[in-house]
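# sequence first, then the predicted structure:
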Amino acid sequence: MPIVAQSTETTDWVSRFADEVIAESERRAPGKPVVVASGLSPSGPIHLGNLREVMTPHLVADEVRRRGHEVRHLISWDDYDRYRKVPAGIAGVDETWAEHIGKPLTSVPAPKGSSYPNWAEHFKAAMVASLAEMGVEFDGISQTEQYTSGVYREQILHAMRHRRDIDAILAQYRTKKAPAKKSQKPVDEAELEAAEGSGAAAEDDGSGSAAGYFPYKPYCGNCEKDLTTVTAYDDDSTELTYACTECGFSETVRLGEFNRGKLVWKVDWPMRWAYEGVVFEPSGVDHSSPGSSFQVGGQIVGIFGGKQPIGPMYAFVGISGMAKMSSSKGGVPTPADALQIMEPQLLRWLYARRRPNQSFKIAFDQEIQRLYDEWDRLDAKVADGSALPADAAAHARAVRTAAGELPRTPRPLPYRTLASVADVTAGHEDQALRILSELDPANPLTALDEARPRYDKAEAWINTHVPADQRTIVRDEPDAELLKSLDEQGRQSLRLLLDGLADHWSLDGLTHHVYGVPKVQAGFPADATAKELPPEIKTAQRSFFALLYHLLVGRDTGPRLPTLLLAVGQERVRHLLGE
């Protein structure tokens with residue numbers, strides 16, 4: 001009987017790409033290190049959609065490395081790109097930053113209060129720290145340093161000599177329109193920003209000068225902006241004349257000695273492919289339309305004597321809880337935001353388990369608890385050998401790299417339990433340890449550090465992503481009015497709970513006890529299964545749970561009751577339930 005449409009395969013997508021990359025590298029540059037690449041623009045916060053630009057080649061490079069091959073994962077920091085717009089949600093940014101639009105990112109002041117020398121370094125630093133926490137090994141290349149030190153001088157002069165050939169390639173696409181996009185559900189502004197990418201795909205391709213086509217843009221010697229037009233160029237002397245449309249400044253320079261400008265993006269990218277010998281580089285959806293940088297670059301790279309890298313187009317990374325994130329931060333969440341509330345293994349797993357062309361969401365809302373449950377189940381399956389091969393491969397890529405295993409929580413207690421404890425204890429570590437040590441009396445937690453860093457991540461999630469009106473505040477005194485109004489059934493349910501409290505004081509024990517009270521009241525054994533019970537028992541359980549929540553925290557709902565009872569403590573539970 002054939003197996004159809006399985007979601008997991010015996011070989012995962014990373015291994016398949018690694019096979020192709022190794023074979024292609026041997027064809028192009030036998031005996032040399034395999035080169036994979038990513039490009040990031042530090043034009044603002046580098047968000048979780050951009051992270052896929054790094055994680056896709058990182059996972060492939062790491063697999064190639066595990067197989068004993070030498071690999072270079074290049075991250076080109078496009079910090080010599082123009083400053084396009086003032087991004088939303090940057091603390092301290094105001095409209096005065098608009099005056100810097102058109103300058104290189106490394107010439108724009110850092111946001112107010114930053115310790116970094118410029119805008120690009122400020123946003124680059126946060127990403128570098130996140131990648132280190134995730135175990136991503138890379139060689140960073142600053143395009144500002146490359147261009148201003150003259151590293152690309154011969155490539156620039158070569159492009160200028162072949163400008164007519166480049167123009168002819170670009171001309172094939174200038175009048176083509178992108179096909180109509182399939183309709184999709186509406187997205188908010190932050191999601192659109194996440195899908196937009198760096199904006200490089202829409203940049204000027206160098207056309208528009210009355211003097212002809214030039215694939216090079218000088219930055220103005222007066223105002224530093226790229227709002228310039230090349231008005232003359234001589235191939236023999238390399239004399240180039242440009243005028244600035246912003247400030248009116250004009251000058252003539254020798255391009256063979258001049259280092260204050262760059263190739264336009266659609267020429268710059270393929271030039272770098274050839275210069276670095278890149279074999280594998282993915283591209284985002286903003287590079288997928290006719291005339292896009294990736295498609296056109298595949299032809300222009302030949303002018304520089306290179307070949308286009310192989311690599312997939314990667315899909316959109318969404319955010320669960322985006323609306324709340326957008327309103328509070330004014331933008332899309334970054335890897336640093338994600339790592340504040342989740343361990344690096346979980347974040348790596350989210351990128352490893354989905355093929356690049358599959359979209360997925362990263363949770364900042366209650367969904368993070370379900371994701372952690374799923375991760376813990378997979379962890380258990382890997383430990384006992386029952387995980388499917390592709391799932392086990394994704395797990396292995398999440399927990400370790402070729403360099404070794406990532407630091408992990410020694411005692412990985414359920415995330416939802418840790419979040420509930422952090423919620424109820426409100427930062428009191430001694431109380432948190434007391435509760436967590438009572439979860440499993442046979443194997444008690446002896447120090448909070450055993451549950452870290454997962455405990456800290458869960459606490460950060462509670463403090464930063466759960467609204468104040470949804471936080472749990474345990475009553476100081478019993479709700480005398482509610483207790484007085486209870487009928488005989490209500491009083492009996494509380495008595496049954498309190499009578500068995502001491503004997504069931506553990507997470508598992510309280511779970512069975514709390515669910516068992518309505519069963520016993522209805523004349524069934526406490527351990528009766530759902531199949532043995534009439535449907536009205538579920539209704540009775542919901543009513544009983546609501547009563548307990550009202551008596552303990554004054555609301556209809558709250559953290560899981562067994563965790564909440566442990567958090568409140570036996571003595572206080574008895575007091576609040578009227579004993």
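Great, that's in hand. Worth saying up front: this structure is predicted, and the values here are computed from it rather than measured. Numbering: from 1, shown residues only.

# switch to C-alpha atoms for all contacts and neighbour counts from now on
Fine.

# any idea how far residue 402 is from residue 66?
5 Å (CA to CA, to the nearest Å).

# these two - which one has more neighbours?
Between residue 66 and residue 402, counting by other CA atoms under 10 Å, residue 402 is the more crowded of the two (16 against 13).

# list the contacts of that one.
Residues in contact with residue 402, defined by CA atoms under 8 Å, 6 or more residues apart in numbering, are 62, 63, 65, 66.

# mind giving me a markdown table with these and columns for distance to residue 421 and secondary structure?
Formatted as a markdown table, the contacts of residue 402 follow (distance: CA to CA, whole Å; DSSP: H, G, I helix; E, B strand; the rest coil):
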| residue | distance to residue 421 | secondary structure |
| --- | --- | --- |
| 62 | 37 | helix |
| 63 | 39 | helix |
| 65 | 41 | helix |
| 66 | 40 | helix |
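
# just the buried ones from the residues you listed?
Listed as buried from the contacts of residue 402 are 62, 63, 65; burial here means 16 or more other CA atoms under 10 Å.

# so the last one is in contact with residue 71, correct?
Yes - taking contacts as CA atoms under 8 Å, residue 65 lies within contact range of residue 71: 6.2 Å.

# closest to residue 390 out of the contacts of residue 402?
residue 63 (13.8 Å; CA to CA).

# run the chain-centre distance for the host helix or strand of residue 169.
Following DSSP states H and E, one finds residue 169 within helix 163-174. Distance of helix 163-174 from the chain centroid (CA atoms, centre = their mean, to the nearest Å) equals 36 Å.

# what does stretch 417-434 give?
On CA atoms, centre = their mean, the centre of stretch 417-434 falls 27 Å from the chain's centre.

# so what touches it?
Contact with stretch 417-434 is made by 435-436, 445-448, 454-455, 458-459, 461-463, 471-474, 559-560, 563-564, 567-568, as judged by CA under 8 Å, 6+ apart.

# got it, and stretch 571-579?
Outside stretch 571-579, the residues that touch it by CA under 8 Å, 6+ apart are 475, 477, 478, 479, 480, 483, 494, 498, 551, 552, 565.

# mind doing that once more with 6 Å?
residue 478 (CA atoms under 6 Å, 6 or more residues apart in numbering).

# dump it to PDB, restricted to CA.
Output in PDB follows, covering the C-alpha atoms of stretch 571-579 (Å, rounded to 0.1, in the frame of the first residue of the first chain):
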ATOM      1  CA  GLU A 571      -2.400  27.000  53.900                       C
ATOM      2  CA  ARG A 572      -3.500  29.900  51.800                       C
ATOM      3  CA  VAL A 573      -5.700  27.700  49.600                       C
ATOM      4  CA  ARG A 574      -7.500  26.400  52.700                       C
ATOM      5  CA  HIS A 575      -7.900  30.000  53.900                       C
ATOM      6  CA  LEU A 576      -9.300  31.300  50.600                       C
ATOM      7  CA  LEU A 577     -11.700  28.300  50.200                       C
ATOM      8  CA  GLY A 578     -13.300  29.000  53.600                       C
ATOM      9  CA  GLU A 579     -11.700  26.400  55.800                       C
END
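
# which stretches of this protein form strands?
For the chain, strands defined by DSSP state E occupy the ranges 34-40, 71-77, 139-142, 216-218, 228-233, 239-244, 250-254, 261-263, 283-284, 313-314, 317-320, 360-363, 400-401, 404-405.

# for the first one, name the packing helices and strands.
Okay, so that is strand 34-40. strand 71-77 (3 or more CA pairs under 6 Å, 6 or more residues apart in numbering; DSSP states H and E).

# now the strand it packs on: average pLDDT?
Mean pLDDT, strand 71-77: 98.

# if we can go back for a sec, with respect to residue 321, which of the contacts of residue 402 is nearest?
Nearest to residue 321 among the contacts of residue 402: residue 62, at 31.2 Å, using CA to CA.

# list the contacts of that closest one.
Residue 62 sits next to residue 402 when contact means CA under 6 Å, 6+ apart.

# one more: residue 346?
With contact set as CA under 6 Å, 6+ apart, residue 346 has no partners.

# so how far is residue 363 from it?
From residue 346 across to residue 363, the span is 11 Å (CA to CA).

# equivalent analysis for residue 228, please.
On the measure of CA to CA, residue 228 and residue 363 end up 44 Å apart.

# then residue 315?
In this structure, residue 315 and residue 363 are 17 Å apart, going by CA to CA.

# could you do residue 104 as well?
34 Å.

# between the two, which one's more packed in?
residue 104 (25 against 19).

# show me what contacts that one?
80, 81, 82, 83.

# hey, what's it bridged with?
Assessed by DSSP bridges, residue 104 has beta-bridge partners residue 82.

# for residue 446, which non-adjacent residue is spatially closest?
Leaving aside its chain neighbours, residue 446 sits nearest to residue 437 (6.5 Å; criterion: CA to CA, 6 or more residues apart in numbering).
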